[in-house]
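Engineer: quick one, structure for this:
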Amino acid sequence: MNIASALRVGLAKVFAYSLLSLFLIPLAAYLFTGYAQRDEDAQFITRISQRIDAEKGMPAAEKQAQKDFYRANPPSTICTNKSPQVADYREAMCETYGELWQFNLVRKVSLWSMVAGAVLLVAVLGLGALAFVDRKMQYTSFVTGWHLTTWASAASLVVQGALAVWLSFWVTAFFFHKYSPKLIILVGILVAGGVFLAVKGIFKRVQLNNRVDGELVTEADAPLLWKRIRHMAGRLKTEPPRHIVAGIDANFFVTEAPLTVGGQQLTGRTLFVSIPLLRLLDQSEADAVFGHELAHLRGGDTKSSALLGPKISQYDHYRHAMRTGGLTAVVAPLLDLYRMIFEVALARESREREFKADRIAAKLISPEAIAQSLIKIAAYAQYRSKIESELFGQNRKHDSAALGIASYVAQGLPPYAASADFLQEMKSANVPHPFDSHPAMTERMRAVGVKLPESAYGAIVTRAPVATWAQQILTADAIEQRMWGEYEQAFAADHERSLAYRYEPATDEERALVLQYFPPVQFALKGSETVTVSVDGISTSADGTTVFWDAVKALEFKESSFGNALVVTHPEKNALGLGAKTSKIKLAGLKKEKDDFNATVGHYWQRHQIMRAHQQEG
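Structural biologist: Numbers count the residues shown, from 1 in each chain. Alright, predicted model coming up:
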């Protein structure tokens, strides 16, 4: 399935879920009240007809007239009938908060809820379409859609929650002539909790983490580079960046969003440059990249991203809160629907901006410089990712002081560029970027009118640059050394943590590492008894036995007035030699620590499952 087909299927699913979330409960309430009222009307007509027929001394014609009157005015219609002729009948039947009053109200609320849902769905689709018009309309669409969908979700939870609580009483009362207070209370608590979370999520402000790993490059550190950037900005008639940040990430970008660099808050226009890539690119190729990024500044792309970014982040946090908030999940599909439509519009506009920035850079420098820079950046990013993936996949602990990712990449890139894998991987290569979804590299090359045979890619990557801008950054070596040191230390720490999940353990060294992250955790039980959770399994001091993780298929914590227990389902019968497929670990006295116990058990069991899955893959 290609991306377009997958997107259509995804949109169709979210649209179907949105229909269910908007109309399922109101439709159920509408159909139930209609059915119940028709049934009550029929029973009422039968009873009143029998009573009329039993009247002695009443002429037959009058009896028929009264029966015709009640058939024409059943109870379900009388509360809305304002005729003076039925005033007594209406007053007798339509007591405020009475049964008939409730059914009429719920029927109206459910009907208008469906109407409102239909209007809301049309509005969401319309706002989604508006996002495709232009950038200005895109911003208007998102701000409007953000407020509309979040507040409408909260309102929908209130209305549909009230309907759900009402149905939890009347459905059982009508069909089974009884009701469950526990069910009503449970639904009520879920509804109240959902509404609280929805409203709280609207007002909650998300703290954005715009931290960038890099160091400032002052004009004193790189006077010629600053001069070149300002000169190019002048030619493009746009304000130059206020800051240049250098790092080791495999990309270049510009932004007008606030950034945190080395504990310092940066505002205004910032250009991020990659020192490893600057060492690979000739100055003209790097100039083409700078021209591309400056074109984003001139076109207002970064300003638009700086305005939209925080709002999109806020919206996505709200969506996540709704999806994971229990009953609030019923309103998540509508939020997802608008977000998916907007993301398609955003991606389309992003592609157009990238092609436009490439054309501007090609005119400013040259189409060939753009094409060559794209090939080199994509090749470096692909190979670095490949090396890091291989290093992370190794089952031996790395020494962060001697990891040497930069050396691996520098030494291995030329042989990689000459390999068969290189050409195959470059066909679908993309130039990495932290903020936009860039088009494929080959599409961007065609857009600037450059047609390079694939056989030329390797020579472009391996050709040593005559002069680089990295040579003009006086602090480049020091920055790169510091940043690679920090990066490799974090890489080694993450790898070590992953080994704690992968090792069985089979050796003393492996066991020491696993126990560093998964030490035995002991919980006190009744009296002096204890239960211990370890990488081996769960054991209790009462019987001295251990339920090993391989003998566990499922776990269920059960609370009881006679004492809590953990029910273990085994993969097969007689797993513990007891003949049964389940066993029980008694946890009498475990009360306050039950949540910590369950979390620990889940954490250690997850480790065991990951370890076994890794062994099967290996």
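Engineer: give the other helices and strands that the helix or strand hosting Ala12 contacts.
Structural biologist: Element membership for Ala12 (DSSP states H and E) is helix 3-54. Applying 3 or more Cβ pairs under 8 Å, 6 or more residues apart in numbering; DSSP states H and E, we find helix 3-54 packed against helix 60-72, helix 75-78, helix 99-130, helix 135-176, helix 332-364. Every residue, glycine included, has its C-beta placed from N, CA and C.
Engineer: those helices into JSON lines, with extra columns for mean pLDDT?
Structural biologist: Converted to JSON lines, these look like this (pLDDT from 0 to 100):
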{"stretch": "helix 60-72", "mean pLDDT": "85"}
{"stretch": "helix 75-78", "mean pLDDT": "83"}
{"stretch": "helix 99-130", "mean pLDDT": "92"}
{"stretch": "helix 135-176", "mean pLDDT": "89"}
{"stretch": "helix 332-364", "mean pLDDT": "91"}
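Engineer: what about the strands in the stretch 201-350 of the chain?
Structural biologist: For the stretch 201-350 of the chain, strands defined by DSSP state E, counting those that start in this stretch occupy the ranges 215-216, 243-247, 253-255, 259-261, 264-266, 270-274.
Engineer: hmm, back to that, can you add mean neighbour count and distance to Leu308 and give the helices and strands packed on helix 3-54 back as TSV?
Structural biologist: Output for the helices and strands packed on helix 3-54, formatted as TSV (neighbours: other Cβ atoms under 10 Å; distance: least, Cβ to Cβ, whole Å):
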stretch	mean neighbour count	distance to Leu308
helix 60-72	12	60
helix 75-78	19	51
helix 99-130	17	14
helix 135-176	18	6
helix 332-364	20	8
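Engineer: quick revisit: indicate which one of the strands of the stretch 201-350 of the chain is closest to Leu327.
Structural biologist: Across these, Leu327 has its closest neighbour in strand 259-261 (37.1 Å, Cβ to Cβ).
Engineer: now do the closest one: everything it contacts.
Structural biologist: Strand 259-261 is contacted from outside by 209-212, 214-216, 243, 245, 265-266, 270, using Cβ atoms under 8 Å, 6 or more residues apart in numbering.
Engineer: so how far is Gln264 from Gly214?
Structural biologist: Going from Gly214 to Gln264 by Cβ to Cβ, to the nearest Å gives 11 Å.
Engineer: again with Pro367
Structural biologist: Pro367 is 38 Å from Gln264, where distance means Cβ to Cβ.
Engineer: ditto for Ala542
Structural biologist: Distance, Ala542 to Gln264, using Cβ to Cβ: 58 Å.
Engineer: now do Phe175
Structural biologist: According to Cβ to Cβ, Phe175 stands 67 Å off from Gln264.
Engineer: got the domain ranges for this structure?
Structural biologist: 3-203, 215-495, 519-617 (automatic domain parsing).
Engineer: Pro26 contacts Val106, correct?
Structural biologist: No. Pro26 is beyond contact range of Val106, at 9.7 Å (criterion: Cβ atoms under 8 Å).
Engineer: name the residues contacting each of these two.
Structural biologist: The contact lists of Pro26 and Val106 share Leu163, where a contact means Cβ under 8 Å, 6+ apart.
Engineer: on that earlier part again, buried subset of the contacts of strand 259-261?
Structural biologist: With burial judged by 16 or more other Cβ atoms under 10 Å, the buried subset of the contacts of strand 259-261 is 210, 212, 214-216, 243, 245, 266, 270.
Engineer: quick check: the two most widely separated of the residues you listed?
Structural biologist: Asn210 and Glu215 (16.0 Å).
Engineer: what part of the chain, helix or strand, is modelled with the least confidence?
Structural biologist: helix 181-203 (a mean of 77; mean pLDDT, DSSP states H and E).
Engineer: mind listing what's buried along that one?
Structural biologist: Result for helix 181-203 [16+ other Cβ under 10 Å]: buried residues 184, 187, 190-191, 193-195, 197-199, 201-202.
Engineer: nearest to Val133, of the residues you listed?
Structural biologist: So of the buried residues of helix 181-203, ranked by how close each gets to Val133 (Cβ to Cβ), first place is Ile202, at 26.9 Å.
Engineer: from memory that closest one sits against Ala321, does it?
Structural biologist: No. Assessed by Cβ under 8 Å, Ile202 is found out of contact with Ala321, at 9.8 Å.
Engineer: helix/strand/coil for the nearest residue to Glu496 once chain neighbours are set aside?
Structural biologist: Leaving aside its chain neighbours, Glu496 sits nearest to Lys397 (5.9 Å; criterion: Cβ to Cβ, 6 or more residues apart in numbering). Secondary structure, DSSP: H, G, I helix; E, B strand; the rest coil: Lys397 is coil.
Engineer: can you give me the neighbour number for Lys397?
Structural biologist: For Lys397, the neighbour count with other Cβ atoms under 10 Å is 14.
Engineer: which residues of this protein score low on pLDDT?
Structural biologist: 1-4, 203, 206, 428-438, 573-580, 618 (pLDDT under 70).
Engineer: show the subsequent helix or strand relative to the host helix or strand of Arg444.
Structural biologist: Per DSSP H and E: Arg444 is located in helix 441-447. Per DSSP H and E, helix 441-447 leads on to helix 457-462 as the next helix or strand towards the C-terminus.
Engineer: residues touching Trp151, list them.
Structural biologist: By Cβ under 8 Å, 6+ apart, the neighbours of Trp151 are Ile202.
Engineer: please tell me how far it sits from Ser274.
Structural biologist: Going from Trp151 to Ser274 by Cβ to Cβ gives 43 Å.
Engineer: please apply the same query to Glu504.
Structural biologist: Applying Cβ to Cβ to Glu504 and Ser274 gives a distance of 40 Å.
Engineer: the two: who's more crowded?
Structural biologist: Taking Glu504 and Ser274 together and counting by other Cβ under 10 Å, Ser274 has the greater number of neighbours (26 against 14).
Engineer: for that one, list each beta-bridge partner.
Structural biologist: Counting by DSSP bridges, Ser274 is bridged to Gly247.
Engineer: you'd agree it is up against Gly247?
Structural biologist: Yes. Under the criterion of Cβ under 8 Å, Ser274 makes contact with Gly247 at 6.5 Å.
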